[in-house]
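Undergrad: next one to model:
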Amino acid sequence: MAERDGGRHGAPLLADLMPWSVAPLRIGRTWPLAPDAASLRARWDALVRAEGAAAREALFQPSRARRPHIAVPQLPGHASPTAPLTAESGGGPCPEPVRVLHGPFDRQWLIPDQRLIDAARPELWRVADPYQIFAVEQGHVSQDTIPGPGPGPGPGPALVFSALLPDGRSPAGRPGRIRPLYRRPGGREPNLAPGLLPHLADRLGLPVAAEDVLAWVAATAGHRPEGVAVPLTASPDAWRTGIALGRRMLWLHTHGARCAASPDDRPKLPGGRRPYVRAAIPADLRALTGQLHYDPEEETLHLAAGRISPVPAAAWDFHTGGVRVVDRWFERRTAPATPGTLDAVRTATWPQEWTSELLELITVLALLAELGPERQELSARAAEGPCLTAYDLRRAGVLPAPAAARRPASVLDHHEEGPNGQFALL
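TA: Residues are numbered from 1 along each chain as shown. This next block holds a predicted model:
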């Protein structure tokens, strides 16, 4: 197994430490996803009220997997109809949109209706709850193609973490896998190689929880030719440092939804460094298209005539998958849509909520970038000290994980409605 684990001295791969993974969602059409929920409800109404089957099918944008006459099961946890969409003609309420993570760091809204989604990955929806944290692999971008190390003008982090259900998209164009921390709802059955937690606790002489392992992953994981690798330390001091750093990273990635010190603990920059709107952002989306630029001397983000400052250069330059995060976020909200499609049914004005979300995004990226030196120091410290390699874990019987650990957990206690209201036994 030397090719996979790097030999006696190789760091284990995340794919071995967190063996169950799910492919990214494949929506198949863009209109069921939007930056605001109101646009989704308007698109649904436009679809179900369209006159004639041909008009509805054209708006729907059918694919091999999904057409308006197909009946499919409900998504777990969402009471959407299971009859074909053709039965919705003339009315029917839109299933309540839910917040999801679209690609890295972009929180959008999705209609949770499996009739609209080519591959919704129901196994992910079953375990999405207030205890869950998803690790999303990012497509690898060669360091040679983009100058600069790590977060900033480089390729960016190997993983993005989310409390929201992620669609798994990667700007690099080569999406990785989605790895939930827990295999069952309620924070039950960690998605870790069986025996890993007690083995780490024994070697470190410390209690080790599943969230501790994910925090260490957040603090140390990096791209390798064979996949995302996670160097494991055998030093209790380095482990404690890594856990504290990783928990802060998980807190930032999830916008304070996980690993928070208190329910109202949300990411904030210190006073004087906190970004504010200095000039109002134009309301007309058409006036904003392509009108985003950054002034590094003034630390000001210009949105046409609108101005936000101070914006740290590290937040503006934060890349993931080789793409500047703020640029992509803005483009997804202001790029023109094709006339006559459901994508063109959207808000014509810039909502106040987007301003708040942009300020929060800038804050999260700035605080994450500040942790870069700590991550580098921890990596050097872990490399110099005692470590646990993939070879060590194989000798201990922790690796390879059994085949059952790579499959979804049983959900026989989870009731779901199948096509046309039939009972689904899963």
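Undergrad: how close does residue 378 get to residue 392?
TA: From residue 378 over to residue 392 the distance is 20 Å, taken as Cβ to Cβ, to the nearest Å. Glycine gets a C-beta too; all of them are placed from N, C-alpha and C.
Undergrad: please disregard the earlier target; I meant residue 232.
TA: 8 Å.
Undergrad: which one's more surrounded, residue 378 and residue 392?
TA: Neighbour count, other Cβ atoms under 10 Å: between residue 378 and residue 392, residue 378 has more, with 22 against 19.
Undergrad: buried stuff in the strand or helix carrying the more buried one?
TA: Per DSSP states H and E: residue 378 is located in helix 372-384. Within helix 372-384, the residues that qualify as buried are 372, 374-375, 378, 382, counting by 16 or more other Cβ atoms under 10 Å.
Undergrad: in what helix or strand does residue 126 lie?
TA: Using DSSP H and E, residue 126 falls in helix 122-127.
Undergrad: quick check: what element follows that helix along the chain?
TA: With DSSP H and E, the next secondary element past helix 122-127 is strand 134-137.
Undergrad: what sits against residue 235?
TA: Residues near residue 235 by Cβ atoms under 8 Å, 6 or more residues apart in numbering: 204, 381-382, 385-386.
Undergrad: turn the residues you listed into JSON lines, columns for distance to residue 50 and pLDDT.
TA: Putting the contacts of residue 235 into JSON lines (distance: Cβ to Cβ, whole Å; pLDDT from 0 to 100) gives the following:
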{"residue": "204", "distance to residue 50": "61", "pLDDT": "98"}
{"residue": "381", "distance to residue 50": "61", "pLDDT": "91"}
{"residue": "382", "distance to residue 50": "58", "pLDDT": "88"}
{"residue": "385", "distance to residue 50": "64", "pLDDT": "90"}
{"residue": "386", "distance to residue 50": "65", "pLDDT": "94"}
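Undergrad: determine which two of those residues are furthest apart.
TA: 204 and 381 (14.7 Å; Cβ to Cβ).
Undergrad: which one in the protein is furthest away from the centre?
TA: Outermost residue of the chain with respect to the C-alpha centroid, by Cα atoms, centre = their mean, is residue 52; its distance is 37.9 Å.
Undergrad: what pLDDT does that residue get?
TA: The model reports residue 52 with a pLDDT of 89.
Undergrad: let me see the backbone angles for the residue nearest the centre of the chain.
TA: For the chain, the residue whose C-alpha lies nearest the mean C-alpha position (Cα atoms, centre = their mean) is residue 166; its distance is 4.1 Å. Per-residue torsions, residue 166: phi -90, psi 150 (degrees, to the nearest 10).
Undergrad: bridging residues for it?
TA: Residue 166 forms beta bridges with residue 101, as assigned by DSSP bridges.
Undergrad: same question, residue 300
TA: Applying DSSP bridges, one finds that residue 300 bridges with residue 295.
Undergrad: need the contact list for it.
TA: Taking Cβ under 8 Å, 6+ apart, we find residue 300 in contact with 278, 294, 307-311.
Undergrad: can you list the domains in this structure?
TA: Under automatic domain parsing, the residue ranges defining each domain of the chain are 2-267+373-424, 276-358.
Undergrad: export those domains to a markdown table and tack on distance to residue 366?
TA: Compiled in a markdown table, these are given as follows (distance: least, Cβ to Cβ, whole Å):
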| stretch | distance to residue 366 |
| --- | --- |
| domain 2-267+373-424 | 9 |
| domain 276-358 | 4 |
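Undergrad: lowest mean pLDDT across those domains, which one is that?
TA: domain 2-267+373-424 has the lowest average pLDDT among the domains of the chain, namely a mean of 89.
Undergrad: figure out how far it is from the centre of its chain.
TA: The chain centroid and the centroid of domain 2-267+373-424 are separated by 6 Å, computed with Cα atoms, centre = their mean, to the nearest Å.
Undergrad: for the stretch 301-426 of the chain, what spans make up the helices?
TA: 313-316, 325-334, 352-370, 372-384, 390-395 (DSSP state H, counting those that start in this stretch).
Undergrad: wait, which of those helices is closest to residue 188?
TA: helix 390-395 (23.5 Å).
Undergrad: buried residues in the closest one, which are they?
TA: Going by neighbour count (16+ other Cβ under 10 Å), the buried part of helix 390-395 is 390-394.
Undergrad: out of those, who's nearest residue 16?
TA: Nearest to residue 16 out of these is residue 390 (Cβ to Cβ; 6.9 Å).
Undergrad: still on that earlier bit, in a markdown table, list the contacts of residue 300 along with neighbour count and distance to residue 259.
TA: Compiled in a markdown table, the contacts of residue 300 are given as follows (neighbours: other Cβ atoms under 10 Å; distance: Cβ to Cβ, whole Å):
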| residue | neighbour count | distance to residue 259 |
| --- | --- | --- |
| 278 | 13 | 32 |
| 294 | 18 | 30 |
| 307 | 18 | 33 |
| 308 | 21 | 27 |
| 309 | 15 | 29 |
| 310 | 19 | 27 |
| 311 | 26 | 25 |
